[in-house]
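A.B. asks: Let me see the structure of the following:
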Amino acid sequence: MASPTRRELQVVRLVVDGRSDDEIGAALGITTKTVEGHLRRLFERLGVQSRTELAARALREAWLEVP
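C.D. replies: Reported below is the predicted structural model:
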């Protein structure tokens, strides 16, 4: 799998933080539809079915720096 893009990692970070699509969009200055598109592509590429699976994989594979 190709590494997540910088923007995808920003979205994943906010998913891990428990933010909604609307909150993610507001935080990143993008539309909710754009957030949904990023998540859809990540789900497809990674073969995950939920935000929880996505967050767990991101943490397990150390995509994000965890304080």
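A.B. asks: make it CA atoms for all contacts and neighbour counts henceforth
C.D. replies: OK.
A.B. asks: what residue lies at the spatial centre of the chain?
C.D. replies: The centroid of the chain falls nearest to residue 12 when counting by Cα atoms, centre = their mean (2.4 Å).
A.B. asks: wait, doesn't that residue sit right on residue 56?
C.D. replies: No. Using Cα atoms under 8 Å, residue 12 is not in contact with residue 56; the gap is 10.3 Å.
A.B. asks: Give me the contact list for stretch 25-41.
C.D. replies: Under the criterion Cα atoms under 8 Å, 6 or more residues apart in numbering, residues 8, 11, 21, 22, 24 lie in contact with stretch 25-41.
A.B. asks: What about the residues you listed, which one has the most neighbours?
C.D. replies: residue 24 (24 neighbours; other Cα atoms under 10 Å).
A.B. asks: low pLDDT regions in the chain?
C.D. replies: Low-confidence segments of the chain (pLDDT under 70): 1, 66-67.
A.B. asks: now could you export just the CA positions of the lengthiest helix in it as PDB?
C.D. replies: Longest helix in the chain by number of residues (criterion: DSSP state H): helix 32-46. Provided in PDB are the C-alpha atoms of helix 32-46 (Å, rounded to 0.1, in the frame of the first residue of the first chain):
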ATOM      1  CA  THR A  32     -17.300  17.500   4.900                       C
ATOM      2  CA  LYS A  33     -17.600  15.900   1.400                       C
ATOM      3  CA  THR A  34     -13.800  16.100   1.000                       C
ATOM      4  CA  VAL A  35     -13.300  14.500   4.400                       C
ATOM      5  CA  GLU A  36     -15.700  11.700   3.400                       C
ATOM      6  CA  GLY A  37     -13.700  11.300   0.200                       C
ATOM      7  CA  HIS A  38     -10.400  11.000   2.100                       C
ATOM      8  CA  LEU A  39     -11.900   8.400   4.400                       C
ATOM      9  CA  ARG A  40     -13.500   6.400   1.600                       C
ATOM     10  CA  ARG A  41     -10.200   6.200  -0.200                       C
ATOM     11  CA  LEU A  42      -8.400   5.200   2.900                       C
ATOM     12  CA  PHE A  43     -11.000   2.500   3.700                       C
ATOM     13  CA  GLU A  44     -10.700   1.100   0.200                       C
ATOM     14  CA  ARG A  45      -6.900   1.100   0.100                       C
ATOM     15  CA  LEU A  46      -6.500  -0.400   3.500                       C
END
